[in-house]
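>>> sequence first, predicted coordinates after that:
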Amino acid sequence: MLRSCTAGLRSIWALRGRREGAPRLSMDLQPARRLFSTEKVIHKDWALPNPSWSKDLKLLFDQFMKKCEDGSWERLPSYKRRSTQESEDFKTYFLDPKLVEEERLSQAQLFTRGFEDGLGFEYVIFKNNDEKRTVCLFQGGPYLQGVPGLLHGGAMATMIDIALGSCTGGAVMTANLNINFKRPVPLCSVVVINSQLDKLEGRKLFLSCNVRSVDEKTLYSEATGLFIKLDPEKSST
Ligand SMILES: CCCCCCCC/C=C\CCCCCCCC(=O)SCCNC(=O)CCNC(=O)[C@H](O)C(C)(C)COP(=O)(O)OP(=O)(O)OC[C@H]1O[C@@H](n2cnc3c(N)ncnc32)[C@H](O)[C@@H]1OP(=O)(O)O
């Protein structure tokens, strides 16, 4: 585990070194470059391998990509920002312009995608629509440390929330999340989150998941969640 983390960090530092060593642009060109690279970052799909991914994560990714070939599974792309359609869906419920200034909103991004490659949340989600379940492959980086050498429980809870949410569809909010942390997760290791939709009752979606090691021998966590489809007649704020 430690070896893969060190290798990951080494490649991050190597990337940084290259970036820092790159020739600087003149002052006049920098704003244009910043705008261009920001655009590229916003539209980049982050649920794809990068040099910080461990051998385990790449191997599992390849296995699931194979399962996608017959159409039974699909890889969910992941962006730093919500799509225009998703944002419009949620604006219907959270319309109060006093809450967040438009300028601040334009800076908003999914916080799990706010880290440099390998330092935070590295993950990809695969969905099986017929079976109403998803598999999330997650490698928690060194900036997600809680107890020394271990992944912070809040980081795990975040990924569980996202994994359960990926089994829903449309505009939903988490109403309840229950997690049993059974074993601590080593920092920089890869875990597999298996989530499923158990029951749909009106606007209520009942979901559950388990978090296991790649070899499936260790059960790290079990969780249940209640998600509520937002009611267009109600404003939540
Ligand atoms: C989400 C993005 C999706 C994009 C998709 C991208 C691709 C997929 C990839 C990745 C997925 C990403 C997933 C991200 C996940 C992140 C989610 C969050 O972080 S959410 C922030 C934290 N949650 C809050 O802040 C909620 C705060 N609470 C509320 O706003 C309301 O309470 C709300 C909307 C949850 C419900 O309010 P009401 O007014 O619409 O509905 P009422 O009438 O109160 O409840 C409806 C039913 O649910 C029960 N209910 C509500 N809350 C309950 C609770 N806590 N426990 C038990 N039952 C509850 C009620 O008893 C009622 O049941 P009866 O219909 O009468 O049978």
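Cool, got the structure. Residues are numbered from 1 along each chain as shown.

>>> next up, the contacts around the residue of the chain found nearest the ligand.
Closest residue of the chain to the ligand, CB to the nearest ligand atom: Gly165 (2.4 Å). Bear in mind the C-beta positions are built from the backbone N, C-alpha and C, glycine included. Contact analysis of Gly165 by CB atoms under 8 Å, 6 or more residues apart in numbering lists 172, 174, 227.

>>> can you give me the strands for the protein?
74-76, 121-128, 133-140, 172-181, 190-201, 204-213, 219-229 (DSSP state E).

>>> the last one packs against which elements?
Packing partners of strand 219-229 (3 or more CB pairs under 8 Å, 6 or more residues apart in numbering; DSSP states H and E): helix 153-165, strand 172-181, strand 204-213.

>>> can I get it as CSV, trimmed to CA atoms?
Extracted in CSV, the C-alpha atoms of strand 219-229 (Å, rounded to 0.1, in the frame of the first residue of the first chain):
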residue,chain,number,x,y,z
LEU,A,219,-15.4,-5.1,4.6
TYR,A,220,-14.5,-1.5,5.5
SER,A,221,-18.0,0.0,5.8
GLU,A,222,-21.7,-0.5,5.3
ALA,A,223,-24.1,2.3,4.7
THR,A,224,-27.8,3.1,4.0
GLY,A,225,-29.1,6.3,2.6
LEU,A,226,-32.4,8.0,2.0
PHE,A,227,-32.6,10.3,-0.9
ILE,A,228,-35.6,12.5,-1.7
LYS,A,229,-36.7,13.5,-5.2
